[in-house]
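J.: structural data only, the sequence is not supplied:
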C-alpha cells in the first residue's frame, strides 16, 4: 500500500454571533442536550448494478458483523426523505449514519433522487426544536466531499455556516464530522469489506473517529491514479472524539465553531 501524507486545514469563524431564537441557547451557539441511546443506521442506494449492490451489501454486513459500540437503528434502501425528514427520524435519528452508493460534489444519489447535502441539517441544532441526534456521517460514494468549487462557491460553503448563512440549514448545524472521499473511489475483491471491518474494529477499540476512518482507507484501498482519497470534515472541538464521546453540539457563532479538514492528498 502506498503511503500518503495526511494534511490538516482549519477555517476559523469570522466573529459574528447567532441571533436565532429557539428553545436552545443559540446565542452561545451551544447545546448540551445529548442522549445516551447510541445507535447507528446504514442506507444503501437503490438501483445500483448487481456488482455495486453486492459490494454495498457486503460492506454493510462487514460493518454490522464487527461493530459492537452502538445498536442498529436502520438498515434500509436510501430515499431522499431519509436525509430531509423531521428531527429524530432516519439520518438524523442515529448517532452514526453510513450511506453507500454514488455521489458527486455535496450530493448523495439515493437511486431515486439526489440529496443536496448543503440543504440538510444534523445534530441538536437541526431547526425543528433541537432534537436531532446525528453526530457522524459516512459517505462511501465518489466525490461527495470534493474540494472543487461548485456553482460559484468554495467547497466549504456547502457544509458549514457563515454570517450570511447563519439562519440557513447546513450539515454542520450540530454535526460533529462527516467522512468520505474527495476523489473517486473504488474497491477490488474484498477491499470494501476489509475497509469497513477495520473501521468498525478501530471504533470499538477506542481509536479517534478520524483515525479509524483515514487509517482504514489507507490500509485497505489502493491509491493509484488519484483515487480513494479519504477525507474527514469536522469541527475542531471534536478532533479527539472516539465513538463513545458525548460532547456538546455547536453552531456558527460559537468560538469553538472551527471548521477543519483532514485528508489524503
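T.: Structure's in. What do you need? Computed from a prediction, not measured in an experiment: that's the story for all the values here.

J.: leaving out sequence neighbours, find the closest residue to residue 175.
T.: Spatially, and ignoring its direct neighbours in sequence, residue 175 is nearest to residue 122 (4.2 Å; Cβ to Cβ, 6 or more residues apart in numbering). C-betas here are computed from N, CA, C, even on glycine.

J.: same deal with residue 245?
T.: residue 238 (7.5 Å).

J.: what do you get for residue 106?
T.: Residue nearest to residue 106 in three dimensions, not counting chain neighbours: residue 158, with 4.0 Å by Cβ to Cβ, 6+ apart.

J.: ok, now which ones touch the one you found?
T.: With contact taken as Cβ atoms under 8 Å, 6 or more residues apart in numbering, residue 158 is in contact with 105-106, 117-118, 150, 170.

J.: what does residue 114 give?
T.: For residue 114, the contact set (Cβ under 8 Å, 6+ apart) comprises 80, 107-108.

J.: go with 7 Å
T.: Residues near residue 114 by Cβ atoms under 7 Å, 6 or more residues apart in numbering: residue 107.

J.: host element of the residue nearest to residue 175?
T.: Element membership of residue 122, judged by DSSP states H and E, is empty: it is in no helix or strand.

J.: and residue 58, how far from residue 186?
T.: Computed as Cβ to Cβ, to the nearest Å, the residue 58 to residue 186 distance reads 14 Å.

J.: please apply the same query to residue 212.
T.: Using Cβ to Cβ, residue 212 is found at 21 Å from residue 186.

J.: returning to that earlier point: which ones are touching the residue nearest to residue 245?
T.: Counting by Cβ under 7 Å, 6+ apart, residue 238 makes contact with 176-177, 247.

J.: ok, the residue nearest to residue 175 - contacts?
T.: Residue 122 touches 92, 132, 134, 137, 171, 174-175, counting by Cβ under 7 Å, 6+ apart.

J.: at 10 Å instead, please
T.: The contact partners of residue 122, by Cβ atoms under 10 Å, 6 or more residues apart in numbering, come to 83, 87, 91-92, 97, 132-137, 169-176, 178, 249.

J.: next one: residue 134
T.: Shown in contact with residue 134 (Cβ under 10 Å, 6+ apart): 41, 83, 87-88, 90-97, 120-124, 126, 171, 174-176, 178.

J.: what about the residues you listed, which are in strands?
T.: Secondary structure from DSSP state E places 41, 96-97, 178 of those in strands.

J.: same list, the residues you listed, but as CSV with pLDDT please.
T.: Formatted as CSV, these follow (pLDDT from 0 to 100):
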residue, pLDDT
41, 97
96, 97
97, 98
178, 98
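
J.: top of those by number of neighbours, please.
T.: Counting by other Cβ atoms under 10 Å, residue 97 has the largest number of neighbours within the ones in strands among the contacts of residue 134, with 27 neighbours.
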